[in-house]
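K.L.:
Pasting the sequence and the predicted coordinates here, then a few questions.
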Protein chains: 4
Amino acid sequence: MGESRSAGRPRSADKEAAILRAALELLTSQGFVRMTLDQVAAAAGVSKSTIHLRWKSKGNLVTAALEAVRMAEAPPATGDTRTDLVAVLEDFAATVQRVRGMALIGTCLAEETHTPELIALLRERTVLPRRALLGELLERARDRGEIRTDADLEEAVSALLGPFYADYMAGRGGRPAWAEGAVDLVLAGLRPPAAG
Amino acid sequence: MGESRSAGRPRSADKEAAILRAALELLTSQGFVRMTLDQVAAAAGVSKSTIHLRWKSKGNLVTAALEAVRMAEAPPATGDTRTDLVAVLEDFAATVQRVRGMALIGTCLAEETHTPELIALLRERTVLPRRALLGELLERARDRGEIRTDADLEEAVSALLGPFYADYMAGRGGRPAWAEGAVDLVLAGLRPPAAG
Amino acid sequence: MGESRSAGRPRSADKEAAILRAALELLTSQGFVRMTLDQVAAAAGVSKSTIHLRWKSKGNLVTAALEAVRMAEAPPATGDTRTDLVAVLEDFAATVQRVRGMALIGTCLAEETHTPELIALLRERTVLPRRALLGELLERARDRGEIRTDADLEEAVSALLGPFYADYMAGRGGRPAWAEGAVDLVLAGLRPPAAG
Amino acid sequence: MGESRSAGRPRSADKEAAILRAALELLTSQGFVRMTLDQVAAAAGVSKSTIHLRWKSKGNLVTAALEAVRMAEAPPATGDTRTDLVAVLEDFAATVQRVRGMALIGTCLAEETHTPELIALLRERTVLPRRALLGELLERARDRGEIRTDADLEEAVSALLGPFYADYMAGRGGRPAWAEGAVDLVLAGLRPPAAG
DNA sequence: GATGAATGAGATTTCATTCAT
DNA sequence: AATGAATGAAATCTCATTCAT
């Protein structure tokens, strides 16, 4: 006795992980409303009740699944501004493509009215960390005098990432060299005035 | 004789318009799957059957509603590149905000697997026309020597529009002066090399 | 003036006939409940309202359609009892097969609770006339001393027609020579006792 | 350990039986298309979903209900051919009357195009077993020399059962002594030629 | 803890019938 | 007379959630 774990059989951590994985996968492929708990249960190899045992509602489950989403490891920095910015942007694009990220983003946007947690989580776990990464690289570049000292770095970050979304909306997603193009434009646009 | 009207009671154009309006409104606020024909019927003040009389399925109705979506009149051009580009971008942002456009875009993205027509229509009716507008302004600027002759104008268009999406994703939607910032960056980044 | 026909455009007799024909056809192929007025209207080349203009309800229409059903012309009698009985039975079987009669009979039986007129009409227009025909032939045979004077002729008629139904129910419909078999059995069974 | 029952709450056998009973009852009284799952659920005292849990569709349910239909125990044989044949026929007629069998048969016939399983099941479960019973009795009679050795026994079975259907179609269903009449006719018709 | 049964609240779609032209 | 529009009342099937074992 004297043990502190709660009584009874402990919940299987494996099942929990399988459920979350299945939920995220289905959230992406089906969207929030189309995704059914039956599908999740079948994909995770558990019963529907097992899901409800851990999360009170479908919304809670999906929120939990999104909480598990995280920006992957940042690509290693080389010290060269252009190279490093391009690397982060390409990693971003590759990730979005790999996990059908635009569908996931779409679902979160579509549900913003009903379940604002979704887009909030996506922001917190993926968007903002990546922006921070880009921001740091730009800050370093500014400190080195590669870009103007009065540049609005947040605005610059949006200028780096934005073309990806705009391309996708135009049906030009996956355009080669988009990252180089974006980085070059931003660096050129923010180049400090030639010293006098 | 000489009758050209078809026989029987004519279809009410009012009802048709009301249905399409209600469908678009609900598509935006609820998303495709959550939106129900009951809601549409109630909002339009018609019976569900009246909807089915005109469109065979929910998908058809939504497609028709999106077909009615159209980029509004372009803002009048002044001839000044910066002013005109900013005007188009601000009109774009205002429209998106007014019709809760990001939710609509989200729905279309989320449904891309099940109903690819949605995002396709959105592209055709709103995204591409606006890109064409921006492209023409940039072309004019290039002809005037305001931007480099070798600039990739499509890429530039994405650079103009992109920050709007990136800001929204970062939770910075509606940032003041975003349009000016985007235009200035692009114009600066594409400025022709100083003649020497 | 002075004319007795009611005022206004007279109803088209062609349309009326086309509707009844289509209704009977669909009643047979779909059954009463599955048959829709839309189908009837389309098949008859008229509008649904034109149907309602003439018959108050679906039941009325179907009843009218069944009223038009009639046993075809009786095959000409040769005077030979066996030959004539067989001819009537084979004509019966051929008719049933031609118009998918068992499906029609099935519908009328199935609807007996809701619309007893259907089976009643079928009886009156097809079953009873044919039975009368067979009855007359048997009567003639009895008068000639070919069958017993105390034979119950109605019972004999059922014995002639019955095997057709029983075969169908057993999945043996269309068995060759069924009519000869039935006639021979009845004639043998009812043969008068050999005179002393 | 050693547990053989499957996990979870066991499916209620009572409910299952009640649903099937209600379905058969309603199939008979309403016909296939008119019968609704709401009616079945209400009559069985379960929710509609409980029905769908067990049978994927209305068609499946009805098929299952018909599969449960079975010819009742055969009446005990006395050894006397006439008595035993009459007993089987009267049991047949009583059963049909008790369960409003002609309506059920009508539904199955009417649905033959859309759901051929129905009439097939009826054949397999009720028609053919009873025919087999009658066939055996006739075979025994033939072996005893009570009927001709060259008699077609299947044809004879149809001659025994057929009058029931023919009577019903003529509106003479339930005619007293129909069974005796049919048996006597068949036995007389098939009597072996007097030995010389 | 885990499972499968059971359910109530819809959602889409169909259809006989009534209205307006 | 004839047509097409409009409708109300279902009917089948789905799904998140709760119960019983």
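P.N.:
Here it is on my side, so go on.
K.L.:
what about the helix or strand harbouring A:Leu53, near DNA strand E?
P.N.:
In this assignment (DSSP states H and E), A:Leu53 forms part of helix A:48-54. Yes - interface with DNA strand E: helix A:48-54 contributes A:48-50, A:53 (CB under 7 Å from any atom of the strand). The way it works is simple: take the backbone N, C-alpha and C, and place the C-beta from them, glycine included.
K.L.:
is the following helix or strand past that helix up against DNA strand E anywhere?
P.N.:
Once the chain leaves helix A:48-54, the next helix or strand it forms, by DSSP H and E, is helix A:58-67. No - Helix A:58-67 stays clear of DNA strand E (CB under 7 Å from any atom of the strand), getting no nearer than 12.1 Å.
K.L.:
Also stretch A:107-126?
P.N.:
No - judged by CB under 7 Å from any atom of the strand, stretch A:107-126 stays clear of DNA strand E, getting no closer than 12.4 Å.
K.L.:
What is the end-to-end distance of that stretch?
P.N.:
Using CA to CA, to the nearest Å, the end-to-end distance of stretch A:107-126 comes out at 15 Å.
K.L.:
What residues sit buried inside it?
P.N.:
A:107-112, A:115, A:117-119, A:121-126 (16 or more other CB atoms under 10 Å in any protein chain shown).
K.L.:
how far away is the residue nearest the centre of chain A from chain B?
P.N.:
The C-alpha lying nearest the average C-alpha coordinate of chain A belongs to A:Thr126 (CA atoms, centre = their mean; 3.1 Å). Using CB to the nearest CB, to the nearest Å, we find A:Thr126 at a distance of 9 Å from chain B.
K.L.:
mind checking the backbone torsions on that residue?
P.N.:
phi -120, psi -50 (degrees, to the nearest 10).
K.L.:
what does A:Ala87 give?
P.N.:
phi -60, psi -40.
K.L.:
What about the closest residue to DNA strand E within chain A, how many residues nearby?
P.N.:
DNA strand E sits closest to A:Ser49 of chain A, with a gap of 2.7 Å, by CB to the nearest atom of the strand. Counted with other CB atoms under 10 Å in any protein chain shown, residues neighbouring A:Ser49 total 10.
K.L.:
now swap in A:Glu25 and tell me
P.N.:
Neighbour number of A:Glu25 under other CB under 10 Å is 18.
K.L.:
correct me, but it touches A:Ala43?
P.N.:
Yes - taking CB atoms under 8 Å as the definition, A:Glu25 is a contact partner of A:Ala43 at 6.9 Å.
K.L.:
hang on, the earlier thing: please name the nearest non-neighbouring residue to the residue nearest to the centre of chain A.
P.N.:
Of all residues not flanking A:Thr126 in the chain, A:Met71 sits nearest, at 5.0 Å (CB to CB, 6 or more residues apart in numbering or on different chains).
K.L.:
how close does A:Thr83 get to chain C?
P.N.:
From A:Thr83 to chain C the distance is 68 Å (CB to the nearest CB).
K.L.:
got it, and A:Leu104?
P.N.:
Applying CB to the nearest CB, the value for A:Leu104 to chain C is 43 Å.
K.L.:
quick one: what helix or strand has the closest residue to that residue other than its chain neighbours in it?
P.N.:
Leaving aside its chain neighbours, A:Leu104 sits nearest to A:Thr28 (4.6 Å; criterion: CB to CB, 6+ apart). Per DSSP H and E: A:Thr28 is located in helix A:13-30.
K.L.:
Tell me if the following helix or strand past that helix is near DNA strand F.
P.N.:
Counting by DSSP H and E, the next helix or strand C-terminal to helix A:13-30 is helix A:37-44. Yes - applying CB under 7 Å from any atom of the strand, one finds helix A:37-44 touching DNA strand F at A:37-38.
K.L.:
Give the buried residues for helix A:37-44.
P.N.:
Applying 16+ other CB under 10 Å to helix A:37-44 flags A:37, A:39-41, A:44 as buried.
K.L.:
Is it correct that A:Val46 is in contact with A:Lys15?
P.N.:
Yes - contact criterion CB under 8 Å: A:Val46 and A:Lys15 qualify, at 5.3 Å.
K.L.:
mean confidence score for stretch A:101-113?
P.N.:
Per-region confidence: stretch A:101-113 scores 96 on mean pLDDT.
K.L.:
do stretch A:38-46 as well
P.N.:
Per-residue pLDDT over stretch A:38-46 has a mean of 97.
K.L.:
so does it get close to DNA strand E?
P.N.:
Yes - judged by CB under 7 Å from any atom of the strand, stretch A:38-46 comes into contact with DNA strand E at A:Val46.
K.L.:
quick one: that stretch to chain centroid distance?
P.N.:
25 Å (CA atoms, centre = their mean, to the nearest Å).
K.L.:
close to chain D, is it?
P.N.:
No - if you take CB under 8 Å from any CB of the partner chain as the test, stretch A:38-46 misses chain D, and the best it gets is 11.9 Å.
K.L.:
can you list contacts of that stretch?
P.N.:
For stretch A:38-46, contacts defined as CB atoms under 8 Å, 6 or more residues apart in numbering or on different chains pick out A:15, A:18-19, A:21-23, A:25-26, A:30, A:47-48, A:50-51, A:61.
K.L.:
ok, now which ones touch the closest residue to A:Leu128 other than its chain neighbours?
P.N.:
If the residues on either side of it in the chain are set aside, A:Leu128 comes closest to B:Ala170, at 6.8 Å by CB to CB, 6+ apart. The contact partners of B:Ala170, by CB under 8 Å, 6+ apart, come to A:123, A:127-128, A:131, A:154, A:157-158.
K.L.:
now, which of the residues you listed sits nearest chain D?
P.N.:
A:Arg123 (38.7 Å; CB to the nearest CB).
K.L.:
Tell me how many other residues crowd A:Val88.
P.N.:
Using other CB under 10 Å, A:Val88 is surrounded by 22 other residues.
K.L.:
Now do the one helix or strand A:Glu139 maps to: which elements does it pack against?
P.N.:
Assessed by DSSP H and E, A:Glu139 sits inside helix A:128-143. Here helix A:128-143 touches helix A:81-98, helix A:153-169, going by 3 or more CB pairs under 8 Å, 6 or more residues apart in numbering or on different chains; DSSP states H and E.
K.L.:
What lies in contact with the first one?
P.N.:
It refers to helix A:81-98. A:71-72, A:74-75, A:77-78, A:101-102, A:130, A:133-134, A:137-138, A:140-141, A:144, A:146, A:160-161, A:164, A:174, A:178-180, A:182-184, A:186-187.
K.L.:
Now list the buried members of those.
P.N.:
A:71, A:74-75, A:77, A:101-102, A:130, A:133-134, A:137-138, A:141, A:160-161, A:164, A:178-179, A:182-184, A:186-187.
K.L.:
returning to what we had before: my read is that the residue nearest to the centre of chain A contacts A:Ala72, right?
P.N.:
No - using CB under 8 Å, A:Thr126 is not in contact with A:Ala72, being 9.3 Å away.
K.L.:
and chain A, what are its domains?
P.N.:
As assigned by automatic domain parsing, chain A contains the domains A:13-67, A:81-189.
K.L.:
residues contacting the spatially closest residue to A:Arg11 that is not a sequence neighbour?
P.N.:
Residue nearest to A:Arg11 in three dimensions, not counting chain neighbours: A:Arg54, with 7.0 Å by CB to CB, 6+ apart. Residues in contact with A:Arg54 (CB under 8 Å, 6+ apart) are A:11, A:16, A:19, A:61.
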